[in-house]
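In: would you be able to build a 3D model of this:
(4 chains)
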4 protein chains.
Amino acid sequence: MSQALPETIPTTLFAERADAVAAAARELSALGWTPATSSNFSMRVDADHAAITISGRDKGRLGRDDIMLVDMQGKAVGTDARPSAETELHTQVYRRWPQMNAVLHTHSRTQSVASRLFAKAGMVRLQGWELQKAITGYTTHESVLQIPVFPNTQHMPELVARVDAWLDAGKPLHAYLIDGHGIYTWGRDMAETRRHLEALEFLLGCELDLRRLSA
Amino acid sequence: MSQALPETIPTTLFAERADAVAAAARELSALGWTPATSSNFSMRVDADHAAITISGRDKGRLGRDDIMLVDMQGKAVGTDARPSAETELHTQVYRRWPQMNAVLHTHSRTQSVASRLFAKAGMVRLQGWELQKAITGYTTHESVLQIPVFPNTQHMPELVARVDAWLDAGKPLHAYLIDGHGIYTWGRDMAETRRHLEALEFLLGCELDLRRLSA
Amino acid sequence: MSQALPETIPTTLFAERADAVAAAARELSALGWTPATSSNFSMRVDADHAAITISGRDKGRLGRDDIMLVDMQGKAVGTDARPSAETELHTQVYRRWPQMNAVLHTHSRTQSVASRLFAKAGMVRLQGWELQKAITGYTTHESVLQIPVFPNTQHMPELVARVDAWLDAGKPLHAYLIDGHGIYTWGRDMAETRRHLEALEFLLGCELDLRRLSA
Amino acid sequence: MSQALPETIPTTLFAERADAVAAAARELSALGWTPATSSNFSMRVDADHAAITISGRDKGRLGRDDIMLVDMQGKAVGTDARPSAETELHTQVYRRWPQMNAVLHTHSRTQSVASRLFAKAGMVRLQGWELQKAITGYTTHESVLQIPVFPNTQHMPELVARVDAWLDAGKPLHAYLIDGHGIYTWGRDMAETRRHLEALEFLLGCELDLRRLSA
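Out: Numbers count the residues shown, from 1 in each chain, chains lettered A, B, ... in the order given. Sure thing, here's the model as predicted:
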């Protein structure tokens, strides 16, 4: 491992986070949600650092050495490895919410197709599904869960600004789609984040099925 | 295991039921029918008790310690663990039919989508499928198998009352869907209940496909 | 094993056939093509006998003891076990074609849905698919492969008669669907029969997809 | 292994290539992309030779002995084994591009259906998908990725000529579909080729879904 750590981060702490990120990557890859080395995953290490997947690796074969340290501006710390181009979207979550400790970004076919289909509307509006209750804070299928769809861009600051604008408008945000691309979601720990991701994949799939059947 | 047992229930009996429930949960989870910690599963232990999954656990990693004892009103017995909110729907089955010994409730995408699609009609009507014969009592594809779809609610007594009303009207009931939610089915033992669940998932999937293709 | 064998059948021969049938059953079950204990599988043992799955067993857990011997009229030989109700459809193949040595009958969702969709037309007509070449005797995608769809019935002699009528009319037959039910196919050995089954499942799925997309 | 090697090819080199080809075949078969013994796979061994799958083997069980050596005209070298009928399409890639070292040809349901659907248009036009960036040379979702669909034929020189004509017209080519058949793609090493194949399968699936949903 060519990852040097700041003195304030114990080796075991980084190793623990790196292992958790790599395990999530392997499991989500086995579901087919990370095609062709896409997708990226991270966990907060402390107030100023996160552990994130190194760019371009096969997510089905990820180990501890495929995870690197970045600061909260998304810059590499103690390594020559290149973090994902989308690292800023992860650190934005850690900066805005001190209580959030894991971020998952995947590219399933359902997520990509839903993002294209709902891009014009700018959001997916979910209501009437029991599984909305899997999102922290939702206690009934009667609630409305809105997942915004932001336009895709290769220039990350634009996306960061769109997320900021949504939040600054005071709208709740548990996840967002990027058009033609995939989903971002987060949580207080990896288990909650996995539950959010699984629930959103399921709900998007149900919405697509209903549209096919109601045509 | 923090589960204390009444004197009338041998440790080995509870352990056997708990293991059977946990094994079913793991296998159904591997099929993707229990997204985001949803779904619940139980087996009768004796005339007055059932073993049921503790609320909120990941169904793909379930073991004996994730199963708890409840009485026939759905109250926890000998444990501080919290049973699923929907426990009353399980104990209703055990109360109404002394011969029924297992109840499975899952949330597959097919089940959720079918429940939304057929909610207005209030039922799914199955006819002409050989696999209807997998439901105990059905001996020909020419029979009609009706699966009611009840409105979803977070207030369990409403659902219990709807099931009671259906049965009190003298209509046969082998399973029911809840709108936007999932399916409940049961049987004399776990094998029969699994067979019912597998057959219903298959038949609902076939009906959805036929509608897509006949549009 | 409560299977007694006629003197003319060596124990090792029956065991070999039973193992091959059980292995095929487990593998096809893992693909989800045998829902809810449905489907049945056989191999010829000699000119007068076949080894076939015992009725009602879970096809995902099948072993040598779940296979029994029948004669060419589909009657049990040397065992009290009950053969599948559809055994006559297997032995019909062995009687009509001395060169055929394996028969597979599965119930995949694609097979069941295709059988309903094409029941009125009485056949599925396949043309233009490279994979038609996986059916023995077909050497080009330009050929036409016809799979008849027979009406379902719980009375096997009716089905036997429909198959006989098709063949007596001089039409080629490599497989047939039964409406709302599943598919039968066969071959000179298990590998050829598996190849036929896999190709037909694939081709039926492609046809359904094309219809969905061309609507 | 009945494969004799020219003096210029070390045994370990051929073995390494054969193992890589067999491993790719097994993994792609597990995804269901090689139904009924279809599909073929190769790697370049040196400037004049490639290692390619022997015709008709079950791709899910492939080992080193199922791989043979061919020259750049697609003729067997040092073995009596019969190479795939489509070997010329592999060697065409190696002849035209010295930097290309692996070719994968699969038959997934998505590939087959997309090829039929887009046959009339003569190409699939992909734009707006983040995953286009998985194809070497593409750096933004705003690029246009064209995958031609060539008519199927059992006469390989016709296909070779169509590929040559496309390239001689100066159009970029990273993969092509054959109508009713499957896909060919290639890359500088097996990892890049696998990434191309996975991305194209994903993108074709997304396009089919979008068409179903936009109808």
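In: what about the longest helix in chain A?
Out: helix A:190-214 (DSSP state H).
In: up against chain B, what does chain A have?
Out: A:128-131, A:134, A:139-141, A:191, A:195-196, A:198-199, A:201-202, A:205-206, A:209-210, A:212-215 (CB under 8 Å from any CB of the partner chain). Backbone N, C-alpha and C define where each C-beta goes, glycine included.
In: and these, which are buried?
Out: Among those, those classed as buried by 16 or more other CB atoms under 10 Å in any protein chain shown are A:128-131, A:134, A:141, A:195-196, A:198-199, A:201-202, A:205-206, A:209, A:212-213.
In: low pLDDT regions in chain A?
Out: In the predicted model of chain A, residues A:1, A:215 satisfy pLDDT under 70.
In: got the residues of it near chain D?
Out: Residues of chain A lying near chain D (CB under 8 Å from any CB): A:35-38, A:58, A:107, A:109, A:112-113, A:116-117, A:152, A:154, A:178-182, A:208, A:211-212, A:215.
In: got a quick PyMOL command for the buried subset of these?
Out: Here is the PyMOL command that selects the buried residues among the residues of chain A next to chain D (16+ other CB under 10 Å):
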select buried, chain A and resi 35+36+37+38+58+107+109+112+113+116+117+152+178+179+180+181+182+208+212
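In: now go through the residues of chain A next to chain D and say which are in strands.
Out: Members of the residues of chain A next to chain D lying in strands (criterion: DSSP state E): A:178, A:182.
In: neighbours of residue A:25, just the number please.
Out: 26 (other CB atoms under 10 Å in any protein chain shown).
In: ok, now which ones touch it?
Out: A:34, A:39, A:41, A:53, A:59, A:62, A:66 (CB atoms under 8 Å, 6 or more residues apart in numbering or on different chains).
In: residue A:75: which of the residues you listed is nearest?
Out: Lowest distance from residue A:75 to the contacts of residue A:25 (CB to CB) belongs to residue A:53, with 15.6 Å.
In: from the middle of its chain, how far away would the helix or strand encompassing the closest one be?
Out: Per DSSP states H and E: residue A:53 is located in strand A:49-53. What separates the centre of strand A:49-53 from the centre of its chain is 13 Å, taken as CA atoms, centre = their mean, to the nearest Å.
In: what does stretch A:98-113 give?
Out: 3 Å.
In: can you check stretch A:42-60 too?
Out: On CA atoms, centre = their mean, the centre of stretch A:42-60 falls 11 Å from that of its chain.
In: give me the buried positions along that stretch.
Out: Here stretch A:42-60 shows A:42-45, A:48-55, A:57-59 as buried, counting by 16+ other CB under 10 Å.
In: which two among those are spaced furthest apart?
Out: Spatial extent of those (CB to CB) is set by the pair A:48 and A:58 at 29.5 Å.
In: on that earlier part again, closest to residue D:10 among the contacts of residue A:25?
Out: In terms of CB to CB, no member of these lies closer to residue D:10 than residue A:66, at 32.0 Å.
In: what about dumping the CA coordinates of stretch A:153-163 to CSV?
Out: Coordinates of each C-alpha in stretch A:153-163 appear next as CSV, following Å, rounded to 0.1, in the frame of the first residue of the first chain:
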residue,chain,number,x,y,z
THR,A,153,-21.6,17.5,-17.0
GLN,A,154,-17.9,16.6,-17.1
HIS,A,155,-17.2,19.7,-15.0
MET,A,156,-17.8,18.8,-11.4
PRO,A,157,-18.2,22.3,-9.9
GLU,A,158,-21.4,22.7,-11.9
LEU,A,159,-22.8,19.6,-10.3
VAL,A,160,-21.6,20.7,-6.8
ALA,A,161,-23.4,24.1,-7.4
ARG,A,162,-26.7,22.4,-8.5
VAL,A,163,-26.7,20.3,-5.3
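In: okay, buried residues for that stretch please.
Out: Buried, per 16+ other CB under 10 Å, within stretch A:153-163: A:153, A:156, A:159-160, A:162-163.
In: can I get those in a markdown table with distance to residue B:171 and secondary structure?
Out: Output for the buried residues of stretch A:153-163, formatted as a markdown table (distance: CB to CB, whole Å; DSSP: H, G, I helix; E, B strand; the rest coil):
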| residue | distance to residue B:171 | secondary structure |
| --- | --- | --- |
| A:153 | 56 | coil |
| A:156 | 58 | helix |
| A:159 | 54 | helix |
| A:160 | 57 | helix |
| A:162 | 53 | helix |
| A:163 | 52 | helix |
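In: of those residues, closest to residue C:14?
Out: Using CB to CB, the buried residues of stretch A:153-163 come closest to residue C:14 at residue A:159, 66.3 Å.
In: does that closest one touch residue A:165 like I think?
Out: No. The criterion here is CB atoms under 8 Å, and residue A:159 misses it with residue A:165 at 10.6 Å.
In: ok, which stretches of chain A are helices?
Out: For chain A, applying DSSP H gives helices covering A:11-30, A:87-96, A:109-117, A:156-168, A:190-214.
In: what's the closest non-adjacent residue to residue A:185?
Out: residue A:175 (3.8 Å; CB to CB, 6 or more residues apart in numbering or on different chains).
In: ok, that neighbour - contacts?
Out: Contacts of residue A:175 (CB under 8 Å, 6+ apart): A:147, A:183-186, A:196-197, A:200.
In: are any of those buried, and which?
Out: A:147, A:183-186, A:196-197, A:200.
In: what about the residue lying closest to residue A:183 once chain neighbours are set aside, how many neighbours?
Out: Leaving out its chain neighbours, the residue that sits closest to residue A:183 by CB to CB, 6+ apart is residue A:111, at 4.6 Å. As a burial measure, residue A:111 scores 23 neighbours (other CB under 10 Å).
In: separation between residue A:111 and residue B:82?
Out: Applying CB to CB, to the nearest Å, the value for residue A:111 to residue B:82 is 33 Å.
In: on that earlier part again, nearest to chain B, of the contacts of residue A:25?
Out: When the contacts of residue A:25 are compared for distance to chain B (CB to the nearest CB), residue A:34 comes out closest, at 16.8 Å.
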